[in-house]
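Colleague: fold the following, please.
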Amino acid sequence: MTEQELAGITPWYNASSFEEGACPSECRICARCTQRAASDLQQLGKRPDCDCSKPVGIDACRSPDSCGCYCSRFQRLSEACPNLVP
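Modeller: You can find the predicted model right below:
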């Protein structure tokens, strides 16, 4: 990869950060909504063809494009970032 291509990548794996002083007032204490989870939820979008009120099964993401996998990811990310769910 070129330096320009690398510059456009947001690092997230094995990365952590800390804020100096008190957390901003809009942050929940022990918030589970990481930047990565927020980004994943926004990129996930909506799939009107999927009924997420049904059980997703045991290995829903064995088929990554399935409604079961979508609903499993949507549920997990929505629980972590409830303020981002429309």
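Colleague: spatially central, which residue of the chain would that be?
Modeller: Nearest to the centroid of the C-alpha atoms of the chain, with distances taken as Cα atoms, centre = their mean, sits A37, at 2.6 Å.
Colleague: let me know the helix or strand that that one is in.
Modeller: Using DSSP states H and E, the secondary-structure element containing A37 is helix 35-44.
Colleague: how many other residues sit next to the closest residue to Q42 other than its chain neighbours?
Modeller: Excluding its sequence neighbours, the residue lying closest to Q42 (Cβ to Cβ, 6 or more residues apart in numbering) is L84, at 7.0 Å. C-beta here means a position set from N, CA and C on the backbone, and glycine is covered the same way. Each residue near L84 was counted by other Cβ atoms under 10 Å, and the total is 13.
Colleague: wait, doesn't L84 sit right on T34?
Modeller: No. Under the criterion of Cβ atoms under 8 Å, L84 lies out of contact with T34, with a separation of 11.7 Å.
Colleague: give me the contacts around stretch 55-65.
Modeller: For stretch 55-65, the surrounding residues in contact (Cβ atoms under 8 Å, 6 or more residues apart in numbering) are S66, G68, C69, C71, S72, R73, Q75.
Colleague: could the C-alpha coordinates of that stretch be exported in PDB?
Modeller: Taking C-alpha atoms only, stretch 55-65 is exported to PDB below (Å, rounded to 0.1, in the frame of the first residue of the first chain):
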ATOM      1  CA  PRO A  55     -34.800 -15.900  16.400                       C
ATOM      2  CA  VAL A  56     -31.500 -15.800  14.400                       C
ATOM      3  CA  GLY A  57     -30.300 -19.300  15.200                       C
ATOM      4  CA  ILE A  58     -27.000 -20.700  16.400                       C
ATOM      5  CA  ASP A  59     -24.500 -19.800  13.700                       C
ATOM      6  CA  ALA A  60     -26.300 -17.000  11.900                       C
ATOM      7  CA  CYS A  61     -23.200 -15.600  10.200                       C
ATOM      8  CA  ARG A  62     -22.200 -18.800   8.600                       C
ATOM      9  CA  SER A  63     -23.900 -17.200   5.700                       C
ATOM     10  CA  PRO A  64     -22.700 -13.600   6.000                       C
ATOM     11  CA  ASP A  65     -25.300 -12.100   3.700                       C
END
